[in-house]
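In: Provided below are the primary sequence and the corresponding predicted coordinates.
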Amino acid sequence: MKKNFAIAVIALLSYPSFSQNDIPSKAKALLAKMTLAEKIGQLNLIIPGGAAVTGSVVSSDVENKIKNGQVGGLFGITSPAKVRKAQELAVKGSRLQIPMIFGLDVIHGHKTIFPIPLGLSASWDMGLIEQSARIAATEASADGLNWAFSPMVDIARDARWGRISEGSGEDPYLGGQVAKAMVHGYQGDDLSKNNTIMACVKHFALYGAAEAGREYNTVDMSRIKMYEYYLPPYKAAVDAGAGSIMSSFNEIDGVPATGNKWLLTDLLRKEWGFKGFVVSDYTSLNEMTAHGVGDLQTVSAQSLKAGLDMDMVGEGLLTTLGKSVKEGKVAVADIDKACLRILEAKFKLGLFDDPYRYIDEARTAKDILTPANRQAARNIAAHSMVLLKNNHQVLPLKKSGTIALVGPLADNKRNMLGTWVVAGDWRESVSVLEGIKNVTGNSVNILTAKGANLTDDSLFAKRTNALGIEVEIDTRSPQAMIDEAVAAANQSDMIVAVVGEAADMSGESSSRADISLPASQQNLLKALSKTGKPLVVVLINGRPLTLVWENDHATAILEAWAPGTEAGNAVADVLFGNYNPSGKITATFPRSVGQIPIYYNHKNTGRPFDGTGFPKFKSNYLDESNDPLYPFGYGLSYTSFQYSPVKLSRTVLKGEEKLTASVTLQNTGRYAGEEVVQLYISDPVASVTRSVKDLKGFQKILLQAGETKEISFQITTEQLSFFNYDLKKVWEPGKFVIHIGTNSSEVQSAALQWNK
Ligand code: BGC
């Protein structure tokens, strides 16, 4: 501790304390002392060997580069000891002693892991989502870090894309609310505190619209669609004060995002007023060469001029900018701009006051994986789960009798955390079996059987296991495993089958062309269903799946996502009614892959299909319904809710007048429960075609059994507005329809006239 103190004092002497207002002038003063090489060095973000890598390149000669002032930040290392060692190299070893920033993929928790972001969003509870990011920031900063590569706010309408698990689903309004909550959670109200960290919004932009859901694929989209549906969550994060933003791998209008001036300067800085810095994604700068827009020197110059400030791993800026300056291809002023933004970020984080402010071994022991953090993870996980089906009120289960607990994920810790848990340790997680024992004590007799492999397909297993063994193929035959599970079922009152995906069957580079349960698990469920025992399916997975058979045959289905460290406890809390589920899906569950992309806020088309029969020459399929299996916003409760018709405070309005739309919500069931009351608006006639409806508000309400409450939404012209053909945000007078309901399909509606 003494040593840390001495270093801090030295740092304080060299960079006297300052107020946040002084930052630009302090950064400029420092810049004036820097050589061109040192400025370029600040733009370099590297990953030392041994960390989790997501590309084919790792950084080399890290120590010397840091001492030579060739590194602005590091990512991929954790623990105060390692971070201190690296920081010392910069602060003691480099000429200007400029501290580095330390980043990591802190995506849904640091060591205490929360549900995957798609699950978090399904809670529709912004307070809990912010709390998850706050705890993540506390733990990450107690581990030496000050920068999280999160929130991921990419809108996704295609469940084949594995990274749908990392975002908040398909809706821009909800996505924007989540983005804001996450940024506040990470950054708090003062970035220089030692328990707040800088957020990095990603992946800017449109990454979630990769064609065919295939990872890293081309994106091609109209401006109206961008502005209306894909950009709002990034904008919300910027408005919430996010300190940094990460460019995406994909191209936009034929220009890769990392080198796209329209995106990084015209839109982000000029239109939105973003003041932080832009970092590339992992080697996304170098990959512009493969995209086909030039060699490394060309794409580096292009990216810098487009507005990129920091280069992740690829060292294109580090190795080519000097030459480009000499050849007159890049102005020093452009390098200055980027360098200043990075220095400013370091000032904001308080690193010039004390480069070691995030390094505190005492905090590591005190703040990480605490009982309180685990309790929060358990609570948040329970809130993220979505009850998809519950026939005959089979759930909640009684804490008595015999249960056959089967399935490859029933007695499994390895796959509870989900994708992107760089610092999370699956050994810390609670299996569903353990959770059920914790919650029921000895009152339930549990018979267990694995029943099936996650998949029997060895190639699929091998690919899933690229980052570690998540899928273990049993030495027994599939039939022997099924027989064992069926025998357990026959001796039980009911079956709980825990099935789904391994952690990395979704996530980065985990696109799937078939999003059903793997055949091995389908075969298990089919055999179990034949026993005639009530069949409760608990799904642990990272994306919407196609579940038509399961929906037809299971008695109940609980979507638990990858629930995180407290997985089993949270699943058991929900199964046994300690918590009444309240989650609602934030991405549509298709009936079949052929329906994708499928999303609730689609256009009407010129030949809309009303859902009855098969009219020829309408917008429909010969062999599939247009309807999803479960619509956006859908989720059941152990209790039931009844909505009154929508009441409008008035039906004719003018100009900037305001409207109140309300419903009376009644809990008509036997349990206290929460309902997410959703407000949608449609604008049937406009100068550009609008979607059939758009989410414009929601409230999560707790009602006791039998309780009734009036739920009101204030509506202003802001909620009527949209981007017109000239990309101006306008509202146009006319008829509007207000819908309030329990999901995007089941709503009560009322129309009104809003004049100019
Ligand atoms: C991912 C980013 C991540 C980065 C650093 C990339 O492959 O796309 O989301 O933050 O790696 O690990």
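Out: Arrived safely.

In: report the separation between residue 494 and the ligand.
Out: 41 Å (Cβ to the nearest ligand atom, to the nearest Å). In this view, the C-beta of every residue, glycine as well, is placed from N, C-alpha and C.

In: ok, that residue touching residue 534?
Out: Yes: the pair formed by residue 494 and residue 534 meets the contact definition of Cβ atoms under 8 Å, at 4.2 Å.

In: any shared contact partners between the two?
Out: Counting by Cβ atoms under 8 Å, 6 or more residues apart in numbering, the residues touching both residue 494 and residue 534 are residue 394.

In: list the contacts of the most centrally placed residue in the chain.
Out: In the chain, the residue lying closest to the centroid (Cα atoms, centre = their mean) is residue 167, at 2.7 Å. Shown in contact with residue 167 (Cβ under 8 Å, 6+ apart): 117-118, 121, 152-156, 175, 208.

In: let's go with 7 Å and repeat that
Out: 117-118, 152-154, 156, 208 (Cβ atoms under 7 Å, 6 or more residues apart in numbering).

In: most neighbours, which of these?
Out: residue 153 (34 neighbours; other Cβ atoms under 10 Å).

In: for residue 236, see how far away that one is.
Out: Taking Cβ to Cβ, to the nearest Å as the measure, residue 153 falls 8 Å from residue 236.

In: and residue 85, what element?
Out: Secondary structure assignment for residue 85, by DSSP states H and E: helix 80-93.

In: output that helix as CSV - backbone C-alpha positions only.
Out: Output in CSV follows, covering the C-alpha atoms of helix 80-93 (Å, rounded to 0.1, in the frame of the first residue of the first chain):
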residue,chain,number,x,y,z
PRO,A,80,-4.8,-5.3,-9.7
ALA,A,81,-1.4,-6.9,-9.8
LYS,A,82,-1.3,-7.3,-13.6
VAL,A,83,-2.8,-3.9,-14.3
ARG,A,84,-0.4,-2.2,-11.8
LYS,A,85,2.6,-3.9,-13.6
ALA,A,86,1.4,-2.6,-16.9
GLN,A,87,0.5,0.8,-15.7
GLU,A,88,3.9,1.2,-14.0
LEU,A,89,5.6,0.5,-17.4
ALA,A,90,3.7,3.5,-18.8
VAL,A,91,3.9,5.8,-15.9
LYS,A,92,7.5,5.1,-14.9
GLY,A,93,8.9,3.9,-18.1
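
In: okay, the residue of the stretch 501-650 of the chain found nearest the ligand: pLDDT?
Out: The stretch 501-650 of the chain approaches the ligand most closely through residue 508 (5.6 Å), counting by Cβ to the nearest ligand atom. Turning to residue 508, the model gives it a pLDDT of 98.

In: that one should be in a strand, yeah?
Out: No: counting by DSSP: H, G, I helix; E, B strand; the rest coil, one finds residue 508 to be coil, located in no strand.

In: so it is in contact with residue 163, correct?
Out: Yes: counting by Cβ atoms under 7 Å, residue 163 is a contact partner of residue 508 at 5.7 Å.

In: neighbour count: these two, which is higher?
Out: residue 163 (27 against 20).

In: tell me the contacts of that one?
Out: Going by Cβ under 7 Å, 6+ apart, residue 163 touches 154, 507-508.

In: the same query, at a cut-off of 8 Å, please.
Out: Residue 163 touches 152, 154, 156, 207-208, 215, 506-508, 510, counting by Cβ under 8 Å, 6+ apart.

In: using the three-state scheme, assign it.
Out: Under three-state DSSP, residue 163 comes out as helix.

In: ok, it to residue 232 distance?
Out: Residue 163 is 19 Å from residue 232, by Cβ to Cβ.

In: now do residue 59, the pLDDT please.
Out: On the pLDDT scale, residue 59 gets 75.

In: for it, which non-adjacent residue is spatially closest?
Out: residue 46 (3.7 Å; Cβ to Cβ, 6 or more residues apart in numbering).

In: could you give the bridge partners of that neighbour?
Out: residue 74 (DSSP bridges).

In: so it sits against residue 74, correct?
Out: Yes: with contact defined as Cβ under 8 Å, residue 46 reaches residue 74; the gap is 6.1 Å.

In: now do the shared contacts for these two.
Out: residue 62.

In: you'd agree residue 493 is up against residue 531?
Out: No: Residue 493 is beyond contact range of residue 531, at 11.4 Å (criterion: Cβ under 8 Å).

In: gap between residue 548 and residue 538?
Out: Taking Cβ to Cβ, one finds residue 548 at 18 Å from residue 538.

In: who's more crowded, these two?
Out: residue 538 (25 against 13).

In: tell me the secondary structure at the more buried one.
Out: Following three-state DSSP, the label given to residue 538 is strand.

In: give me the pLDDT for it.
Out: pLDDT, residue 538: 99.

In: I figured it hits residue 521, correct?
Out: No: Residue 538 lies out of contact with residue 521 (Cβ under 8 Å); the separation is 12.0 Å.

In: give me the common contacts of these two.
Out: 407, 499.

In: so who does the residue nearest to residue 59 touch?
Out: By Cβ under 8 Å, 6+ apart, residue 46 lies in contact with 59, 62, 65, 71, 73-75, 313, 315.

In: dump those residues to a markdown table, plus neighbour count.
Out: Formatted as a markdown table, these follow (neighbours: other Cβ atoms under 10 Å):
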| residue | neighbour count |
| --- | --- |
| 59 | 21 |
| 62 | 19 |
| 65 | 19 |
| 71 | 28 |
| 73 | 23 |
| 74 | 28 |
| 75 | 27 |
| 313 | 25 |
| 315 | 24 |
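
In: can you put those residues in TSV and add distance to the ligand?
Out: Output for the contacts of residue 46, formatted as TSV (distance: Cβ to the nearest ligand atom, whole Å):
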residue	distance to the ligand
59	12
62	16
65	18
71	16
73	12
74	12
75	6
313	8
315	15
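
In: closest to residue 752 among these?
Out: residue 75 (51.4 Å; Cβ to Cβ).

In: now the protein, which segments are flagged as low pLDDT?
Out: The chain contains residues with pLDDT under 70 at 1-19, 50-58.

In: up against the ligand, what does it have?
Out: For the chain, the residues in contact with the ligand (Cβ under 6 Å from any ligand atom) are 54, 105, 149, 202, 281-282, 508.

In: repeat that with 8 Å
Out: With the criterion set to Cβ under 8 Å from any ligand atom, the chain comes near the ligand through 47, 52-55, 75-76, 103-105, 107, 149-150, 152, 163, 166, 200, 202-203, 246, 248-249, 281-282, 312, 420, 422, 508.

In: please flag which of those sit within strands.
Out: 75, 103-104, 200, 202-203, 246, 312 (DSSP state E).

In: of those - the most surrounded one?
Out: residue 200 (29 neighbours).

In: what residues are up against the nearest residue to it once chain neighbours are set aside?
Out: Among residues not flanking residue 200 along the chain, residue 244 sits closest, at 4.4 Å (Cβ to Cβ, 6+ apart). For residue 244, the contact set (Cβ under 8 Å, 6+ apart) comprises 147, 198-201, 276-279, 345.

In: and of those, the nearest to the ligand?
Out: Comparing the contacts of residue 244 against the ligand with Cβ to the nearest ligand atom places residue 200 closest, at 7.5 Å.

In: which single residue of the stretch 301-450 of the chain ends up nearest the ligand?
Out: residue 312 (6.6 Å).

In: residues near the residue nearest to residue 553 when sequence neighbours are not counted, how many?
Out: Sequence neighbours aside, residue 529 is the residue nearest to residue 553 in space, at 4.7 Å (criterion: Cβ to Cβ, 6+ apart). Other residues near residue 529 number 20, with proximity taken as other Cβ under 10 Å.
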